[in-house]
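> Have a look at this prediction, sequence included:
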Amino acid sequence: MKNPLKKSRIPDTKVFVVKELIAPYFDKYWHFHPEYQLVVILKGRGTRYIGDDIKPFKEGDLVMTGPNLPHVWRSDDIYFDPENDLETHLIVIYFPEDFLGNGIFEKEEFEDIGRLMKASIRGLSVNGKSNAEVTKMMKKLVQLKGSSQLVQLLEILTYLSHSKDITPITNPEYINLNKESEKDRMGEVYEYVMNNYKSKITLQEVAELANLSVSAFSRFFKSRANKSFSDFVSDVRISHACKLLHEEDIHISEVCYESGFNTLSNFNKQFKDRIGKTPLNYRKEYLDSFIDS
């Protein structure tokens, strides 16, 4: 039986690590690590959680994350059923801040890459032409050996440092206060919500899961996620609704209840508050984009 994808630490014998990984589903656990990460999804769909941002992902999703920025690419539920015989595919690069030596990115020759690395503390989404070009470069990197790999990584980072197709992922006010000692607690909360967002979730039950009082948990979660727990649950549900709305044959009311909302009016209001348009208009614009392309 194949195992889910796991992140890889950088061994002492390596400057950085690049891997091409194929497995039934992505590593489903919320986590963070001290390395910078560049990842492109070649196959697979689900929901992406980075810092305080929650969005659907699909093939082509290309993201750079800075050190200790919490994240998880959570595969859709169908990937966890072996009978579906599905697989995911990605290329991921891990590299430390000092992979070329201490202070190197403060030198004049590396200022552009240094700015890119500082910007990645918010997570960076790579889009448009840059997405296609960097994906090609990452595929080539996997095939290279020795010092050629390092040269290719520098070419990728240089290209990204001059790209106009990059957008920050987390909100400007997001502050990462997550601690290694709290990783399991937050991970359990995220996992619980991801597994149960279609049902009613009470603050009491999640506080008990975290072994905190309701008031203590509310303060703890908001300080780490940059949003209240109820807003987090709503964001998870809206993200799922967005994926369902991409399917033309599903009625809006069905999307509402399949995403965990109890009333259509509440769903429509929360969707418009977060996405800026009604579910119906969102679906229409999404489908029209395929006609125009």
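It's in.
> can you pull out the helices in the stretch 1-150 of the chain?
Across the stretch 1-150 of the chain, reading from the start of the chain, the helices by DSSP state H, counting those that start in this stretch fall at 111-119, 128-143, 147-161.
> what's the closest of those to Y25?
Distance to Y25, taken as CB to CB, is lowest for helix 128-143 among those, at 20.8 Å. The C-beta positions use only the backbone N, C-alpha and C, and glycine is treated the same way.
> Identify all contacting residues around the closest one.
Counting by CB atoms under 8 Å, 6 or more residues apart in numbering, the neighbours of helix 128-143 from elsewhere in the structure are 18-20, 38, 40, 42, 60, 62, 91, 93, 126, 149, 152-153, 155-156, 159-160, 163-166.
> ok, now with 10 Å
Contact with helix 128-143 is made by 16, 18-20, 38-42, 60-62, 64, 90-93, 125-126, 148-153, 155-157, 159-160, 162-166, as judged by CB atoms under 10 Å, 6 or more residues apart in numbering.
> got it, and stretch 187-201?
The contact list for stretch 187-201 (CB under 10 Å, 6+ apart) reads 28-32, 46-47, 49, 70, 72, 74, 77, 205-207, 209-211, 217, 220-221, 224-225, 229-230, 232-237, 239-240, 257-262.
> for stretch 262-282, same thing?
So stretch 262-282 is in contact with 54, 200, 231, 234-235, 237-239, 241-242, 244-246, 252-253, 255-257, 259-261, 283-285, going by CB under 10 Å, 6+ apart.
> one more time with 8 Å, if that's ok
With CB under 8 Å, 6+ apart as the contact definition, stretch 262-282 has outside contacts at 234-235, 237-238, 241-242, 245, 252-253, 255-256, 259, 261, 285.
> filter these to the buried ones?
When those are checked for burial by 16 or more other CB atoms under 10 Å, the buried set is 234-235, 237-238, 241-242, 245, 252, 255-256, 259, 261.
> And these, which two are furthest apart?
With distance counted by CB to CB, no two of these lie farther apart than D235 and I252, which are 19.0 Å apart.
> buried set for stretch 213-229?
Judged by neighbour count (16+ other CB under 10 Å), stretch 213-229 contains these buried residues: 217-218, 220-221, 224-227, 229.
> Contacts only, for F26.
With contacts taken as CB under 8 Å, 6+ apart, F26 has the following neighbours: 4-5, 44, 46, 72-75, 79, 88, 90.
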